[in-house]
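Undergrad: Fold the following.
(one chain, ligands or ions: 1)
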Amino acid sequence: MTGNRDHALGIYISIPFCRSKCTYCNFASGVYPAADHERYVQRVIEDMANAPAWARAMGVELPRRVDTVYLGGGTPSLLAPELLARLFAALRAQFDIKAGAEITVECAPGQLADPMPEALAAAGVNRVSLGVQSFVDAEAHASGRLHDRNIVERDLRRLRAAGISNLNADLIAGLAGQTFATWKESLDALLASDVPHASVYMLEVDEDSRLGREMLKGGSRYRAGLVPSDDAIAQMYERAIERLNAAGLVQYEISNFSRPGRESRHNLRYWQRRPYLGLGLDASSALQAAALATSDGERSNPGDVLRATTTGDLKAYLAGTAIAETAWLSPERQHEEAWFLGLRMNSGVNVADLTREFGSAMVEPALETVTRLAEDCLLIFDGERVRLTAQGRLLSNQVFQEFLKPEIALTGRRA
Ligand code: SF4
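TA: Numbers count the residues shown, from 1 in each chain. Take a look at the predicted model:
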């Protein structure tokens with residue numbers, strides 16, 4: 001969290017329901033009966049109502065003013081329109097959603113029921129992120145998606161007709177069966193769709209996903225043998241950067257590209273370490289410690305940040321027995337996050353700002369790491385800002401690791 005106090009909040013709501021499970025996915029999402037949807041929304045609304053009391057008890061600030069909302073999943077568009085309307089009505093009753101706030105809902109192509117685009121617009125949703133992953137039908141089907149290219153294009157038309165033009169499309173480089181030719185096909189289709197924002201991820205197969213298990217143990221059901229090599233995936237990612245930048249979708253973060261002014265304000269919030277409240281299963285919050293009243297007036301301790309995550313399974317969450325794990329982040333930990341979150345953005349890390357926030361005793365050793373990584377051509381430091389190089393973006397996890405000290409853990413205390 002930045003040293004400057006931020007009095008506007010972002011809200012993330014997790015909706016862990018999917019119609020089918022993608023082969024590469026290991027998120028806490030699953031295929032559950034529609035009856036659970038209503039109970040889940042009710043539980044989220046209860047958590048939302050309890051959030052101010054929880055924040056007071058934890059000693060953190062929970063601004064009422066909200067400037068970004070993000071419904072992610074899972075597949076939030078699977079909720080019935082009346083449940084979405086109920087959720088947004090509760091949100092607006094509890095928080096002051098700023099005029100012009102960015103309100104995003106993740107949707108899966110082919111899983112937008114007939115009135116859904118209109119229902120989203122009526123609820124005030126002004127941005128939709130569409131999980132396309134591939135415009136090539138065989139690749140989409142093989143990875144468990146339930147759409148083809150025509151359906152994606154139809155859904156984009158429907159969303160635009162409903163008045164939602166701030167659209168993102170996700171693509172994955174490295175799907176089973178993908179080749180340079182089919183990747184080009186997907187990039188061509190993405191650019192032809194004229195969306196103002198795209199996210200491009202390099203496939204990272206988790207060993208607990210169905211695809212990951214097949215890669216480890218063998219088999220052909222999920223076409224694990226056809227997953228491109230790491231080198232091929234890296235080249236696909238590089239081609240995407242070239243094509244999208246050339247077409248005016250400018251890369252502003254490792255995986256994100258947009259037309260000017262269409263960056264995801266909610267996701268920027270994470271990388272800029274601004275406060276957010278997460279509601280629902282597996283959702284995380286990062287909130288600043290409340291200002292402390294002292295004899296000489298109100299004083300805040302801006303270094304204190306609380307991280308909270310609701311863990312457990314859906315059954316536990318619905319029963320109200322899911323555990324909210326909380327930890328205060330030590331200043332050292334926040335400093336590390338400032339590096340590995342800030343470096344994700346193409347604008348990089350401003351060293352003077354970081355020194356003001358954390359002091360030179362903490363920043364100086366990190367600058368030695370920067371020098372070392374600059375010698376390896378992974379970072380570039382122009383005297384003001386530190387940024388990843390193109391090679392650094394490909395090896396970003398390795399770079400971030402260099403800023404992490406294993407002995408620095410989350411602390412259970414306030415400074
Ligand atoms: S839609 Fe998303 S959350 Fe659901 S299974 Fe596929 S990748 Fe996972």
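Undergrad: all contacts plus neighbour counts: C-alpha atoms, from now on.
TA: OK.
Undergrad: Per-residue pLDDT of residue 414, please?
TA: pLDDT recorded at residue 414 is 36.
Undergrad: In three-state terms, how would residue 101 be classified?
TA: Using DSSP: H, G, I helix; E, B strand; the rest coil, the structure places residue 101 in strand.
Undergrad: cool, and the one 10 residues further on?
TA: Secondary structure for residue 111, judged by three-state DSSP, is coil.
Undergrad: Just list the residues touching the residue of the stretch 301-415 of the chain found nearest the ligand, thanks.
TA: For the stretch 301-415 of the chain, the residue closest to the ligand is residue 314, as judged by Cα to the nearest ligand atom, at 14.0 Å. Listed by Cα atoms under 8 Å, 6 or more residues apart in numbering, the contact set of residue 314 reads residue 281.
Undergrad: repeat that for 10 Å
TA: 16-17, 28-30, 32, 36, 40, 280-282, 320-322 (Cα atoms under 10 Å, 6 or more residues apart in numbering).
Undergrad: Now render those as JSON lines, adding secondary structure.
TA: Below are the contacts of residue 314 laid out as JSON lines (three-state DSSP):
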{"residue": "16", "secondary structure": "coil"}
{"residue": "17", "secondary structure": "strand"}
{"residue": "28", "secondary structure": "coil"}
{"residue": "29", "secondary structure": "coil"}
{"residue": "30", "secondary structure": "strand"}
{"residue": "32", "secondary structure": "coil"}
{"residue": "36", "secondary structure": "helix"}
{"residue": "40", "secondary structure": "helix"}
{"residue": "280", "secondary structure": "coil"}
{"residue": "281", "secondary structure": "coil"}
{"residue": "282", "secondary structure": "coil"}
{"residue": "320", "secondary structure": "coil"}
{"residue": "321", "secondary structure": "coil"}
{"residue": "322", "secondary structure": "coil"}
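Undergrad: List just the nearest of these to the ligand.
TA: Nearest to the ligand among the contacts of residue 314 is residue 29, at 5.4 Å by Cα to the nearest ligand atom.
Undergrad: residues contacting the residue most central in space within the chain?
TA: A centroid search over the chain (Cα atoms, centre = their mean) returns residue 267, at 5.7 Å, as the residue closest to the centre. Residue 267 sits next to 10, 68, 70, 253, 256, 273, 274 when contact means Cα under 10 Å, 6+ apart.
Undergrad: about what we covered before: are any of the contacts of residue 314 buried, and which?
TA: Buried members of the contacts of residue 314, counted by 16 or more other Cα atoms under 10 Å: 16, 17, 28, 29, 30, 40, 280, 281, 282, 322.
Undergrad: Next one, pLDDT for the third one please.
TA: On the pLDDT scale, residue 28 is placed at 75.
Undergrad: State the next helix or strand along the chain beyond the least confident helix or strand in the chain by mean pLDDT.
TA: Lowest by mean pLDDT, DSSP states H and E among the helices and strands of the chain is strand 297-299, with a mean of 53. Once the chain leaves strand 297-299, the next helix or strand it forms, by DSSP states H and E, is strand 305-311.
Undergrad: helices or strands up against that next one?
TA: Strand 305-311 sits against strand 276-279, strand 284-288, strand 323-329, with contacts defined as 3 or more Cα pairs under 10 Å, 6 or more residues apart in numbering; DSSP states H and E.
Undergrad: In CSV, list those strands along with mean pLDDT.
TA: Below are the helices and strands packed on strand 305-311 laid out as CSV (pLDDT from 0 to 100):
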stretch, mean pLDDT
strand 276-279, 97
strand 284-288, 95
strand 323-329, 90
